[in-house]
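>>> sequence unknown, structure follows:
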């Protein structure tokens, strides 16, 4: 969908995008080892791959190490960051037990060399139960010093890519639905985020057109990722418009978040504004360590200014081809040129 189409729809119908989430609209992919990627204060953070990896926490069956995950959670709460925890259902020891085929770890030695469905879903559920128990904030088995519980859980990541999951669609669906049911049973205030779709290329659409109806009752937030190609090619709405159309075609009415956003050659401010206009509620910037074309210093400065100007907006609309209007929580109006 091009800008003219978005502008025509929004201007002629005078429909505002009204959102269910009134806190910060922005966030960052984070990595504790890189000081540039620890995220902004008072924003969302999505550790990636993050510490919530079965293989990192339970390296041997029954032996749990929480040091790394606790470090992330403590840092986030000390900086008033809201965490999106990505759950990775892989442990080397567990997948060796049924001789799963070894793959190539997408994140190095600390991740997992095995990316298939768990041999035993019961083993996986033991890990997941302990994970939720530690960070759910119910006062039982919590991390010492926990003051900001994790409520937002993203189950897996881009499962249509063999880089991240070496299983079938049905195996993904089973893992996802089992995980969602368990989390919801343990934490009533939990918010389940769909495993991020890796764009809206034809192969991605085919996977999600089939998988989404099978998981739609088990997630609260629909999720699209946008990573530009190495040469910087990109979609000018972070795929939000096409993803929204796919959801509507499947009769799925869910909020849309972009938990990986990379602009590539696209102009930063227009891309963010058009993504919000197309229905995005939250956008998570991939940061300086993203693959492919990096955001320039000038572009990052512009993005930071946009965040400063409009974060926490209540509603928005495009009013001309080059201007958008944002209604803030206090009722004030901010006009942004793009």
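Done, it's in. Bear in mind that the values here come from a model prediction, so they are computed numbers and not experimental data.

>>> how about the strands of the stretch 101-250 of the chain, start to end?
Remark: strands assigned in the stretch 101-250 of the chain by DSSP state E, counting those that start in this stretch are 152-155, 191-193, 222-226.

>>> from those strands, which stretch is densest packed?
Sort the strands of the stretch 101-250 of the chain by mean neighbour count, taking mean count of other CB atoms under 10 Å, and strand 222-226 sits at the top with a mean of 26. Yep, even glycine has a C-beta here, placed from its N, CA and C like the rest.

>>> neighbouring contacts of that strand?
Identification of contacts with strand 222-226 by CB atoms under 8 Å, 6 or more residues apart in numbering yields 154, 158, 193-200, 234-235, 238-240, 243, 247, 252, 254-262.

>>> quick one, what contacts residue 295?
Contact analysis of residue 295 by CB under 8 Å, 6+ apart lists 262, 263, 268, 288, 303.

>>> just send these back as CSV, with pLDDT and distance to residue 145 too.
Listed next are the contacts of residue 295 as CSV, based on pLDDT from 0 to 100; distance: CB to CB, whole Å:
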residue, pLDDT, distance to residue 145
262, 95, 34
263, 92, 37
268, 96, 37
288, 87, 30
303, 97, 33
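
>>> now, of the residues you listed, which are buried?
Using 16 or more other CB atoms under 10 Å as the burial test, these include 262, 263, 268, 303 as buried.

>>> what does the closest residue to the third one other than its chain neighbours show for phi and psi?
Spatial nearest neighbour of residue 268, chain neighbours left out: residue 299 (4.5 Å); criterion: CB to CB, 6 or more residues apart in numbering. Listed backbone geometry of residue 299 is phi -60, psi -40, with angles given as degrees, to the nearest 10.

>>> and the residue nearest the centre of the chain, its phi and psi?
Residue closest to the average C-alpha location in the chain (CA atoms, centre = their mean): residue 259, at 3.0 Å. Note on residue 259: its backbone torsions stand at phi -90, psi 0 [degrees, to the nearest 10].

>>> touching, it and residue 196? I think so.
Yes. Using CB atoms under 8 Å, residue 259 is in contact with residue 196, at 5.3 Å.

>>> hey, what's in contact with both of the two?
Common neighbours of residue 259 and residue 196 (CB under 8 Å, 6+ apart) are 154, 223, 225.

>>> what lies in contact with the strand or helix carrying residue 308?
Assigned by DSSP states H and E, residue 308 falls within helix 297-310. Here helix 297-310 makes contact (CB under 8 Å, 6+ apart) with 25-26, 40, 263, 267-269, 272, 285, 295, 316, 326, 328, 334, 336.
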